[in-house]
Every structure is written in C-alpha cells, then in structure tokens.
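[1] Okay, predicted coordinates and the sequence, questions at the end:
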4 protein chains.
Amino acid sequence: ENRARLLINCPDQPGIVAAVSKFLYEHEANIIESNQYSVDPEGGEFFIRIEFEAPDLKEKAEKIKQDFQEIARAFSMDWKLTYVDEIKKMAIFVSKEPHCLLELLWEWQSGDLMADISLVISNHETSRDMVERLGIPYYYIPANKDIRAEVEQKQIELLKQYDVDVIVLARYMQILTPHFVDVHKHKIINIHHSFLPAFIGANPYERAYNRGVKLIGATSHYVTDDLDEGPIIEQDISRVDHKDSAEAMKKIGQSVERSVLARAVKWHLEDRIIVHGNKTIVF
Amino acid sequence: ENRARLLINCPDQPGIVAAVSKFLYEHEANIIESNQYSVDPEGGEFFIRIEFEAPDLKEKAEKIKQDFQEIARAFSMDWKLTYVDEIKKMAIFVSKEPHCLLELLWEWQSGDLMADISLVISNHETSRDMVERLGIPYYYIPANKDIRAEVEQKQIELLKQYDVDVIVLARYMQILTPHFVDVHKHKIINIHHSFLPAFIGANPYERAYNRGVKLIGATSHYVTDDLDEGPIIEQDISRVDHKDSAEAMKKIGQSVERSVLARAVKWHLEDRIIVHGNKTIVF
Amino acid sequence: ENRARLLINCPDQPGIVAAVSKFLYEHEANIIESNQYSVDPEGGEFFIRIEFEAPDLKEKAEKIKQDFQEIARAFSMDWKLTYVDEIKKMAIFVSKEPHCLLELLWEWQSGDLMADISLVISNHETSRDMVERLGIPYYYIPANKDIRAEVEQKQIELLKQYDVDVIVLARYMQILTPHFVDVHKHKIINIHHSFLPAFIGANPYERAYNRGVKLIGATSHYVTDDLDEGPIIEQDISRVDHKDSAEAMKKIGQSVERSVLARAVKWHLEDRIIVHGNKTIVF
Amino acid sequence: ENRARLLINCPDQPGIVAAVSKFLYEHEANIIESNQYSVDPEGGEFFIRIEFEAPDLKEKAEKIKQDFQEIARAFSMDWKLTYVDEIKKMAIFVSKEPHCLLELLWEWQSGDLMADISLVISNHETSRDMVERLGIPYYYIPANKDIRAEVEQKQIELLKQYDVDVIVLARYMQILTPHFVDVHKHKIINIHHSFLPAFIGANPYERAYNRGVKLIGATSHYVTDDLDEGPIIEQDISRVDHKDSAEAMKKIGQSVERSVLARAVKWHLEDRIIVHGNKTIVF
C-alpha cells in the first residue's frame, strides 16, 4: 500500500509540528494517525509518530527522505521513516516452554502479527514439530554457558542469513553476551516472568510464592547488557492467593506472559515504540 | 497562566494539521499536548485537541479567535477555544447516597478537580453538613414526579444565578425533563450504577444479583432525553461472586461509581471530551 | 488416584457439616479442599463441595455411596460423588472462528484441561486440520435453521456414540432446539461475546461499537432454552476506546472469550460449579 | 448478636473438621461461613475459619472456650475465638498526606468499617480538623529519628490508655523500632506505595517513574522488623504510561493505596487473616 510511518525525536521547541505537517502536506501525504509527547515543552525531548498515506509512495520515497533532511537538520531530529508494507523479518528464540512461542504463532496465523517469521532458534527440540508444520525453519542449537560464544556465532550467522530485523526471546532461558546485545540494539524483545523490578533474575514464580505476594506479573522489555534492566515495553499482572502453589502461579503467569509479549511484539512491528534512555514511549 | 485548549472537529481532508499548527506557530504558541483521531481518513470526521501555551495569551485571545475563523471556514470546522485558567463552574446534584458527592469533594479539596463547585442541590437534607462545612452553598429542593416542572424551574434559576457551566448528577435519583436536558445539552454528567447497556433503569444491583452476573459496573455518561442512553464517557467494573448479596454488590459498586464519575468529570473539566453523535471521543 | 469430590445442596440447618465430615472421617477420607456457602443460614439453601482422598477408594466406592444415602435422606440432600480419575468426555462444537477451539486444544495439550476431548463437531471444514492433527475425530455436519432437526439428530447420535459428558460451544453459531438442550441439561457450556445481559443476541461487537461502550466483554454460561439467559459461569472484560473499530473490538474480544471460556470449562471439569436456579455457585 | 468466629491452625490430619463441626453442633452453633486451607494434606499446616451463630452465645462463651480446649490439645491447635459484637479498637497513625486516613474515616462513617476508631496519632497537625469534627481524639506527637524512643513511649502509653487492638499506619512516614513492633506483633497494618517487593523503601513513585514501569501499585502488609518485608495482606495496581510524570503516578497511586489499605483493614477487623510464617492466609 501507500502507507508509511515517520518517527521523530528532537529537543522540543515551537514550530516542529508546523514544519513536519507542512512538509507532509506539500508531499501530498494525508495523516492517518498522529501521536506526540513532550517530556517538557520548555526544552525537553519531543517525540512524534505520524502514520500517513500518500499516492505512489514507493516512487516518491527517496525524494521524501532526501527532502526531509533539511527539516531534520533544522530541528536536530533523530528520525526514521518506515513503510507499512515492508514487513519486518522476525526470529523467535525459545527454550523448553512453548506457550509464548505458541501465542505468537497463533497471532501470526490469525493475521494479527504483521511479521515474516523467518526462523525459530531453540536450544531444545521440543517445539520443532509445531514450527515446521507451519513451514517455518527450525534450528536446534544446543546452548550452555560454556559454549556461549560459539552458539551466538552460529545464531548471528543465521540472523544475518535471514536478514532478521527483530529477535523475540519467547522464554529463551539463556543469557546473551554484551556482544550479541550490541549487535542487535533495541531489536531484542524479551519476556520476563515477573512484574519488574520485582523478582529480577531466576525463578520468579518460586520467589513470588515464597514472598507471599497477592499479584504475579510479566514484563516485556528490550534486552540490554544489564539483566532484566532494559527499557520496559509492557507489563500486566494476575491475582493469586494463598491457595496457589508456586506451580499454580506459574500456570496463571503463563497466560499473562503470553498476552504481554504478544502486545509488545505487535507494538514493535507497528513502529509504535520509541526508546528514550532506559524508558519507552509507546504510541 | 498562558495556556489554552483548542478543540476541533471537521470532515477529514489533507492539510488540516498543517494549517492549524502553522497558525499556532505564527501566533507564537507552543504545543504542549496534541491528540487527534479520524473516523476514516477518506472523508470521515476528524477530531483534534491541542493544548498550547503562548506568551501574553490574555491580550492576544481576541485576535487569535478572530484570526482562526478563516481556517475554521476553510475546513468547515466546529471548534472551541478554552483558557485553562477560566475555571469551570460546577453544580452537583445529589439525593440520599453521598458517596459520589464525597468523592468529588475530596478530589476537589486535594486540588485534583479543577472546578469551582458553585453549589450543591439536593432533594434531601442528608449531605448539607459536609457541603456547607466546605463553604459551598447547599440548596434543599424537595422533588418528586408530580412537581417536576416547578422543581426544575427553581433549579434552572439557581444554575443561571451561579452561571453554572457543568452539572454533575452524583447519584441524583430524579428523572430530568427534556426541557431541562435541552437547556444544558452535553453539560450534564450522570453516573449510572451498571455497565450500560446492561441494567438500564432502576435497581441495577438487585437485577444484577438476580441475573447472577460475575461482574458489576458503573457508567458515566452525558444525559440525553433517552434514559441511560446518552454518550458514554467512562465505564469500569468490579468482580463479584455467588457469596455477594445484592446489598454487598451495592457496596462494591459504590467504589466503582466513585472512581468512574470522578474520572469522567475531570476529563470534562479538562476539555478532553468531544461528543460525536451518541459517542464520545476522549483525548 | 484415590481422590473424589462430593457436591451437596440441601436446605440449611445445623449439623450438616458435622454429619458429613464425621461420615468421611469414618470412611478414612482425608479432606483436601472444602468450600461451602449458604444463601441464608436460617433455612436458605446450603451448598458444599468437598474434595477428599481415601486409601483404596475404588474398592470402597460402592459402599461409600450406599452408606451416604442415609445422611442424604436425613438432610434432604441433592448430591453427587465424582472420582477425579474418571476423566470427563468432552465434545467441542465450533463454526468458522477457531480461537476458542484453539485455546481449549492448547490448554488440553499443556495438560491443564483434564478432559478427554472425544470429538469436534463443526458446520464448517475450517478447523479439520488442526483437530485431526491431534488425533481427535472431526465431524463436519453442515447446519442451518431449515435442517436443524436432522442436524441435531446426527449430533445426538454422535454424542451418544462417544458417551459424551459435556458439550462446549466454542463459538458455535447455530441455535439449539429445546429438545437438544433438554437432553443435555447443565451440560452445555457456551461462550457469548458480550458481558451479558448487555448485547444479548447477534453481532454484539457491532452493537457495542455503535453504542460507544468503553468496555467489551465475554460471558460463559450454561445453555438453556432462553437464548443467552442461562446461568452465568464466568465473565470478563477488556478496555476499548473511541479509536477501536468494530473489527478491532472483535479482535480484542476474542482474547477475552478465549480465557473466559477456558476458565469456565476447567471449573466444570473439576466439578466446581453447582447450578442453583438461574445462577451458579462456583467453588 | 450471637455470632462468633473460630480461627484455627494445626498440623493437618484426618478428623479435624469432623471434630470441630461435631463440637459446634453439640454447642448448638449453626455455621454461617467456613473456609479452610491445607498447605499439604499429608502433614502440612491446616487452617480453618468458621463463623457461627449460637443462641445465648454470651452466656455460653466461657463454657465453649473451656470445652474446646480438649479438641485443641488433641490436634495441637493454635486457635482464637472472637465475638462479632466485640468491636475492635483501632488507632490510625498518619503523617501529612491524608488520603488513606480519609478513606478509612469515610468507610467508617458509611458503616462499612466495623471498628471503634479510638484515636488518631500524627506527627503533623494537618488532619486535626477532619478527625476532631467526627469526634475522634487527635494527638499531635512531633517525631523524627532522633527522638524516636520518647515518641514511641508516648504512643505506647496512648495505645494502652485506649486499649487499642489494631494500629493502622495510614501513610505514617516514620520508621518504628523493633521494640514497638514486638509489642504489637501482627497488629500493625501498613500501606506501602508500591507493589512489593518492587521499590522497597523510600520514594517508590519517583523510582517507578525512573525505571519506566507501566504499572504502579500498593501493598498492605503487617509490619515486622524488616522494613517492607512483613506478611503481605493485599496488593493492587493501576496502569500508567510514558505521559505520566512521577507526580501523576503519585496521584494515580493514591487511589490504589486507599482501596488496598481499606480492604486489608476490613479483612483484619473481620478476623479473616491468619499469619503463617511470612505469608497471610486470607479467608
């Protein structure tokens, strides 16, 4: 189609919206959706996401990008222009528990996840069947901390080979090295099985059970070098009570994990997320 | 201060945002917050709310309004410009149950409800103390369906006398006549004690109990001539189960009513609501 | 295993719990979980569900049932004793939209739905693959209101052939005749795509959109002759706003439908639901 | 009235419910509500709360207590018998922010908080008016860490003088000494303005804002020597997003704090909470 999304952040000052909307109007673009946010109108950071439609967009694309540079320079903008019909290529990493993978596959089959699921990488064979059945390549790469470097090398090659845009850790229980994270900055989405910053690290359900909490949750975030400390995209919770064992909490939590991760991935695919420092703006 | 809000709706077409933002920029206004929505970019209705700041706004106010008329005409706009420091004058109507009134008074005391509560009108004496204690005039006007016309006449006179901008029915258990509603179109906010359109009319908690629902709710809406059929502003629910009697549901529900009404009133006071047909756009 | 569940309702009076717990103790049963509820301790209806464990339960089963009749008579009890390892046989009816079916299949594969899914019946071929792949028989029976009698005859025969205990209408878009409903009283679980009693009948999402509600929901209930009026088992909602089209509401709602139906079916399978008049007690 | 509550915990073994219910039956008690829970039926801890009614309860009270000791010994029970009409005496501690205090006062005025609010103690004068207006004594005791011992001495004397049963810290921003906590074990209820264990300690809203969470919450718990580590009674959350400043989060959070604390206090007053290790069983 003829749709595109323009994401901008820059220091706030008067005239940004006027300049950008005039530019789009002059390039025959009709704004479909627009969201903006300013940390502080007096010189704080300004963010805007505009989804627009323009006839013959493909042919004008290069010229639009070139013409926009003048505005971008004038306002010191960080910006990105993406085309809605350039479907992002996604890799899913999974370990043994398949619930998050299944949710993504199911959303994808229903047409609600606008991505090209290029491949699934796992350190277990468990999910091969359900993945290959859908015609998606499945790569089994055994992993543990002693062979981390080689494992990641194989993974990086596969990701290059498939020209992957986004990596979803759908309960992938291996830690990634700073090198791997650097190479895919703000392109790795993880699901952590607690409402962060509570229960950072391993076994959150067991620790939630031991602490006697009345809510359990899940958090989807971009992966950074600091374990479970990356920019949070989405969180949700479910109620539990004294009758729920750690095992029961895990079951209840899986359902939260599924929906939280699916929402985060969809927002990423629709270019709705801007990372700002260690936070996200979700439009 | 120097803050204002511009609310616009008009048929969607290219160039609206460009025109409006250029206009604001030329009048030295800095956009603080902007929200827009289009029912259908191909000729559907377009809505926008812009909150902006401009130096010496008071002095320029008239000129801004006048200058804007040209744009408004060009795009066939319905529009409204309000000043943040022109606090709205509010009347609260209440019957016996004080919980919604109390919530509003409490939010107002905390500085979270930017209104001037000009008067409280009630068909009971129950809440006089708590209202007068805060220095707010309390008018006791007995009411029933036989004397509706006279009652409303008195009420209308009071509302005129106090130059009231918005009327909140904080569990006022009397039906209003079409005349009263007409005079205050989209200015009367009601709280209904069910998640409409379930349980329209009287005794919703009893009927919810009898139906055996597992959720009860509350709905805040603008009042129209059709009972409980006006544009919905906000809704929320709370869980109940078989152990909850109709009386228990009422108690649980009161807490939902309080927060739903308070949210709706705040949004109205901040000019966040545009009524479109029988629906609301809440920015 | 050696686990069973005793479900009782009878007029409330002193001594019920004493009699039942003494009985269980004398039959060497250890109570694992017990829930009770009394509409009104002064002669209202009393309900109790006891899950217990007893050594060599299978061998004692007949004797327990026989011995219990004395107590049952003394307190005018309606009662039911079920064995946890007698897995219920389930039939799933589905039309075109597979999301609820998929959720049940997925919960079943994960071991969280303790049923034997004996067969799936559909008036469409859409879901055949995903069902047969799991080794579950799939029966395609075209249906419309003109051939309802014959269709139901075929269905009833299949249900008998498979000795089915519970029927789940996982978005089966055909109305059932009173005869069909009678034959399977309190054994048919439906999911309706609204928070009943709002939007009874067809096209609830479209009507929700037109009404401008801020919440959409789903309701799981036992099927009775009155369309969408049967005893409610579970309900839940999700937030929507003015930006959500009827189509978007449908997508959001499907996720609510899935979880509401899954919970209701699980509770039924665990004998947690007692129907009382047109309501449910869920223990 | 003639109502009482029996709370028991003991090692699980067969026959507990039979013995207790037989005992109550023989003492002409009719069970109104009964809840039980077993950590593990094979020798785990067993908990039960029974609310019952018996004619002339007051006269029989002593005898019941005495007779019950035999059963209690046989099953090694910890137990407590409370009478519904022995209203608990409550002290509320508050600092500057009055929202939690106000919620409790409002629930109390509505008849929904079955306590005798004996006194309010504050290290500020802020809330004196609203408290004294309701006829409740207000004690202003300035506090800071240097004079902690003297301050607590005065507080303990007041609590003794009023024979207080339960202390509610309704946003009391002073740390209590181990001595004060010891003297009132499991009798001090606090509200912490985060979903613990996230954001233990000071300034949780600011830290939540800085971490970029998408949910904020509140936790009510019994106070122990370990700051914010006591047994959790209730928790809840509210959604926030990137637009919410730390200040906005605080406002949103106050509403959660109010309802979470009110629920926890009600449950305590109704003897619904059993503390077990560092967790609560809430019946």
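    Structure received.
[2] Residues contacting whichever helix or strand A:Ile32 is part of, please?
    Secondary-structure assignment from DSSP states H and E places A:Ile32 in strand A:30-38. Applying CB atoms under 8 Å, 6 or more residues apart in numbering or on different chains, the contact partners of strand A:30-38 are A:3, A:12, A:17, A:21, A:24, A:44-54, A:281, A:283, B:12-14, B:17, B:31-36, B:38, B:41, D:242-243. In short, each C-beta sits where N, CA and C put it, glycine included.
[3] So which of the residues you listed sit within helices?
    Among the contacts of strand A:30-38, the members found in helices (DSSP state H) are A:Val17, A:Ser21, A:Leu24, B:Val17.
[4] My guess is the last one contacts A:Phe23. True?
    Going back to what we said before, that points to B:Val17. No - using CB atoms under 8 Å as the test, B:Val17 is too far from A:Phe23 to be in contact (11.1 Å).
[5] quick one on the thing from earlier: could you turn the buried ones of the contacts of strand A:30-38 into a PyMOL selection?
    The buried residues among those can be selected in PyMOL (16 or more other CB atoms under 10 Å in any protein chain shown) with this line:
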select buried, (chain A and resi 3+12+17+21+24+45+46+47+48+49+50+51+52+53+54+281+283) or (chain B and resi 12+14+17+31+32+33+34+35+36+38+41) or (chain D and resi 242)
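[6] near chain C, which residues of the stretch 1-150 of chain A show up?
    A:His99, A:Leu102, A:Trp106, A:Ser110, A:Asp112, A:Arg133 (CB under 8 Å from any CB of the partner chain).
[7] buried subset of these?
    Buried among the residues of the stretch 1-150 of chain A next to chain C by 16+ other CB under 10 Å: A:His99, A:Leu102, A:Trp106.
[8] Next step: the residues you listed restricted to strands.
    Residues of these located in strands (DSSP state E): none.
[9] pLDDT-wise, what's the bottom of these?
    Across these, the smallest pLDDT goes to A:Trp106, namely 89.
[10] which residue sits closest to it in space, ignoring its chain neighbours?
    Distance criterion CB to CB, 6 or more residues apart in numbering or on different chains; nearest residue to A:Trp106, sequence neighbours excluded, is C:Leu102 at 6.3 Å.
[11] Then A:Lys266?
    Nearest one to A:Lys266, counting by CB to CB, 6+ apart, is A:Leu113 at 6.3 Å.
[12] you'd agree that neighbour is up against A:Leu104?
    Yes - in this structure A:Leu113 lies within contact range of A:Leu104 using CB under 8 Å: 6.4 Å.
[13] more neighbours, these two?
    A:Leu104 (24 against 19; other CB atoms under 10 Å in any protein chain shown).
[14] and that one, that one's in a strand?
    No - per DSSP: H, G, I helix; E, B strand; the rest coil, A:Leu104 lies outside any strand segment and is helix.
[15] my guess is it contacts A:Ala264, does it?
    No - contact criterion CB under 8 Å: A:Leu104 and A:Ala264 do not qualify, at 10.7 Å.
[16] could you pull out the strands for chain A?
    A:3-11, A:30-38, A:45-53, A:78-83, A:88-94, A:115-122, A:138-140, A:166-169, A:188-192, A:215-222, A:232-239, A:273-276, A:279-282.
[17] Redo those strands as TSV? Include distance to D:Gln254 and mean pLDDT.
    Listed next are the strands of chain A as TSV, based on distance: least, CB to CB, whole Å; pLDDT from 0 to 100:
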stretch	distance to D:Gln254	mean pLDDT
strand A:3-11	31	96
strand A:30-38	24	93
strand A:45-53	28	96
strand A:78-83	36	96
strand A:88-94	41	98
strand A:115-122	40	98
strand A:138-140	50	98
strand A:166-169	36	98
strand A:188-192	28	98
strand A:215-222	18	98
strand A:232-239	19	97
strand A:273-276	27	96
strand A:279-282	22	97
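[18] okay, those strands, which one's buried deepest?
    Ranked by mean neighbour count, the strands of chain A are led by strand A:215-222 with a mean of 26 (mean count of other CB atoms under 10 Å in any protein chain shown).
[19] Show me what it packs onto, helices and strands only.
    Strand A:215-222 sits against strand A:188-192, helix A:204-211, strand A:232-239, helix A:246-269, strand D:232-239, with contacts defined as 3 or more CB pairs under 8 Å, 6 or more residues apart in numbering or on different chains; DSSP states H and E.
[20] Keeping just the C-alphas, turn the strand holding A:Ile32 into PDB.
    The C-alpha trace of strand A:30-38 is given here as PDB (Å, rounded to 0.1, in the frame of the first residue of the first chain):
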ATOM      1  CA  ASN A  30      -2.600  12.500   4.400                       C
ATOM      2  CA  ILE A  31      -2.100  12.000   8.100                       C
ATOM      3  CA  ILE A  32      -3.900   8.800   9.300                       C
ATOM      4  CA  GLU A  33      -2.800   8.800  12.900                       C
ATOM      5  CA  SER A  34      -0.500  11.100  14.900                       C
ATOM      6  CA  ASN A  35       0.800  10.800  18.500                       C
ATOM      7  CA  GLN A  36       3.100  13.200  20.200                       C
ATOM      8  CA  TYR A  37       4.600  13.600  23.600                       C
ATOM      9  CA  SER A  38       6.900  16.100  25.200                       C
END
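[21] between it and strand A:3-11, what angle do the directions make?
    Inter-element angle recorded for strand A:30-38 and strand A:3-11: 30 degrees (by axes from the mean of the first three to the mean of the last three CA atoms, to 10 degrees).
[22] Give me the angle between strand A:30-38 and strand B:45-53.
    Using the same axes, to 10 degrees, the inter-axis angle of strand A:30-38 relative to strand B:45-53 is 30 degrees.
[23] sorry, back to before: quick one, which of the helices and strands packed on strand A:215-222 gets closest to C:Ile191.
    helix A:246-269 (16.5 Å; CB to CB).
[24] Give the buried residues for the closest one.
    Within helix A:246-269, the residues scored as buried using 16+ other CB under 10 Å are A:249-251, A:253-269.
[25] One more: stretch A:53-66?
    So for stretch A:53-66, counting by 16+ other CB under 10 Å, buried means A:Glu53, A:Ala54, A:Leu57, A:Lys60, A:Ile64.
[26] Alright, I will stop here.
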